[in-house]
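1. Fold the following and give me the result.
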Amino acid sequence: MRSILVFGLLAALTVVAVESLECPQCINILSDCNDTAPTPCPVDSQSCGVTVARWPGDFSQMDQFCSAEPPGSSLNFAVRATNQELFLFANENCREKETCTPTLSADFPKVGKSNTECPTCSALNGDSCEVRNEICGEGERCVDLRAQFSVRSTIEATVNSVISSQLEIKGCSNISDAACIQLSEGNVVVGNITFQHLMCTPEPTMTPDSNTTSNSRGTGMGTNLDMTSALFKEPSG
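-> A predicted model of the protein is given here:
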């Protein structure tokens with residue numbers, strides 16, 4: 001009887017090992033993570049997450065991570081302060097990395113043609129945010145967003161120290177009701193971006209659906225960064 005129990009335990013452990021999730025885990029600035037080899041995820045991971053973002057100043061980012069969200073959950077929206085000051089964000093969570101190809105909002109309108117007018121401004125790392133007004137496109141709403149992106153330094157003198165960039169942006173957005181509800185909870189983490197604050201006007205009137213990411217947490221911070229970028233200067237104050 002004891003030998004049967006031992007055999008059954010070993011068989012169960014073998015099944016768990018076979019089914020364990022492995023995902024690429026990487027952050028890159030100004031390039032992609034497509035050559036990153038998968039590594040084992042924490043036991044509570046349900047999917048592989050991929051995030052792409054473009055920050056004001058035309059800085060691009062790609063982030064791959066182990067996610068606690070189920071496969072199929074996603075986010076995709078843009079915030080425009082001006083035609084030159086944009087924050088574009090897309091995230092997907094998939095069982096296999098190859099099926100995750102989040103795409104930024106390429107068709108995001110740049111010319112306002114609606115009756116909605118929003119206060120707009122954008123600032124990085126505590127710089128002053130000079131508010132002005134912008135006419136929005138059809139179907140857009142006003143958004144007030146603060147987000148933080150953290151990475152580990154690759155500079156020899158500060159290796160493994162965390163460097164953060166803080167974004168504040170107000171403007172017109174195509175963000176959905178469901179995404180507004182999810183991200184307005186405060187300090188919602190998607191990969192290595194923390195959405196510290198989000199306010200949507202008009203406020204959403206629906207509950208979030210099951211296909212919207214609420215809290216996809218990355219398990220580590222990548223390297224291979226261009227640390228000369230002004231995106232990562234020390235915050236003022």
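2. after the worst-scoring helix or strand of the chain on mean pLDDT, next one along is what?
-> One helix or strand of the chain scores below all others by mean pLDDT, DSSP states H and E: helix 2-19, with a mean of 45. With elements assigned by DSSP states H and E, the helix or strand that comes after helix 2-19 is strand 22-24.
3. Helices of the protein, start to end?
-> Taking DSSP state H as the test, the helices found in the chain are 2-19, 177-183.
4. same for the shortest one, what does it pack against?
-> Translated: helix 177-183. strand 74-80, strand 193-201 (3 or more Cβ pairs under 8 Å, 6 or more residues apart in numbering; DSSP states H and E). Every C-beta, even on glycine, is put in place using the N, C-alpha and C of the backbone.
5. If we use 10 Å, what do you get?
-> The contact analysis (3 or more Cβ pairs under 10 Å, 6 or more residues apart in numbering; DSSP states H and E) places helix 177-183 against strand 74-80, strand 141-152, strand 188-190, strand 193-201.
6. avg pLDDT for it?
-> Throughout helix 177-183, pLDDT has a mean value of 94.
7. try stretch 46-58
-> Rounded mean pLDDT across stretch 46-58 is 88.
8. tell me which residues of that stretch are tucked away?
-> Using 16 or more other Cβ atoms under 10 Å as the test for burial, stretch 46-58 gives 46-56.
9. What is the nearest of those residues to residue 89?
-> residue 53 (4.9 Å; Cβ to Cβ).
10. got the contact list for that closest one?
-> 59-63, 87-91, 102, 104, 147, 149, 167, 190-191, 193 (Cβ atoms under 10 Å, 6 or more residues apart in numbering).
11. which among those residues end up buried?
-> 59, 61-63, 87-91, 102, 104, 147, 149, 167, 190-191, 193.
12. ok so, going back, dump the buried residues of stretch 46-58 to TSV, plus distance to residue 125.
-> Formatted as TSV, those follow (distance: Cβ to Cβ, whole Å):
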residue	distance to residue 125
46	34
47	32
48	30
49	25
50	26
51	20
52	21
53	16
54	17
55	11
56	11
